[in-house]
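*Asks:* I would like to see how this sequence folds:
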Amino acid sequence: MAGMDAFLHRLDPDMVVVTATGDGERAGCLVGFSSQCSIEPVRFVVWLSEVNRTYRVARGAGLLAVHLLGRHQLALAEIFGGETGDEVDKFRRVRWRPGHSGAAVLEDAEAWFVGRITGRVPGGDHVGFVLDPVEWGGREPSGTPLLRLGDARAIRPGHPVEPPGD
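*Replies:* Below is the predicted model of the structure:
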C-alpha cells in the first residue's frame with residue numbers, strides 16, 4: 001500500500017447511520033464520511049454514495065437523520081451497512097420512531113440529530129448533504145466508545161461499491 005491509500009488506511013473515523021424519508025419511502029445506510037462543517041451556524045455534512053438506495057431517497061427528502069452507534073452495536077451497523085434497502089426493509093428489523101417532520105429516528109442509537117438539508121455538494125462518487133440540525137437527542141454520555149471504521153471494516157456493503165460500467 002503506497003501513497004494516498006496508505007494515508008487513508010490510517011484514518012479511523014466515527015461511523016454513522018443516516019436515514020432518509022421522502023416521496024413515501026424510507027431508507028438508511030452506514031456512512032463513513034461525515035463531519036461538522038461549520039461552527040456558526042452549526043452545520044454537518046454526510047456523504048452518500050450515488051449507487052446507494054439511501055441517496056436516491058435522500059434526493060427527494062427535506063431532512064436526514066444522523067445516528068451515532070456504540071462499538072457494541074455492530075449488529076445494528078450490519079443491518080444498515082451490509083443489507084440493501086432494494087431487497088430488505090431494514091426498518092422492520094430495528095426499533096425506530098418518527099422524528100421531526102417524519103424523519104426516521106433509530107431508538108437504540110447512542111445519539112442522533114435530524115437536520116434540514118440546506119445544500120448538496122458533488123464530490124466524486126458521493127454527494128455531500130449539508131444539514132442544519134433541527135432536533136436531537138440520545139442517551140446520557142456513558143463513556144461507551146463509538147463505532148469506528150476499524151470496527152466496521154468486515155461489513156460487506158449491501159450495495160455495489162462502484163457505479164455499474166457502460
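*Asks:* pretty sure Phe113 contacts Ala65?
*Replies:* Yes - at 7.1 Å, Phe113 and Ala65 qualify as touching, with contact defined as C-beta atoms under 8 Å. C-betas here are computed from N, CA, C, even on glycine.
*Asks:* Identify the contacts common to the two.
*Replies:* Both Phe113 and Ala65 lack any common contact, where contact means C-beta atoms under 8 Å, 6 or more residues apart in numbering.
*Asks:* Which of those two has more residues huddled nearby?
*Replies:* Ala65 (27 against 23; other C-beta atoms under 10 Å).
*Asks:* Can you give me the distance of that one to Glu40?
*Replies:* Separation of Ala65 from Glu40 (C-beta to C-beta, to the nearest Å): 23 Å.
*Asks:* and what of Val57?
*Replies:* Counting by C-beta to C-beta - Val57 and Glu40 are separated by 30 Å.
*Asks:* So between the two, which is more surrounded?
*Replies:* Comparing Val57 with Glu40 by other C-beta under 10 Å, the one with more neighbours is Val57, at 23 against 5.
*Asks:* Helix or strand for the more buried one, just tell me which one.
*Replies:* Assigned by DSSP states H and E, Val57 belongs to helix 53-58.
*Asks:* and that helix, what other elements does it pack with?
*Replies:* Contacts defined by 3 or more C-beta pairs under 8 Å, 6 or more residues apart in numbering; DSSP states H and E place helix 53-58 against strand 16-22, strand 25-31, strand 43-49.
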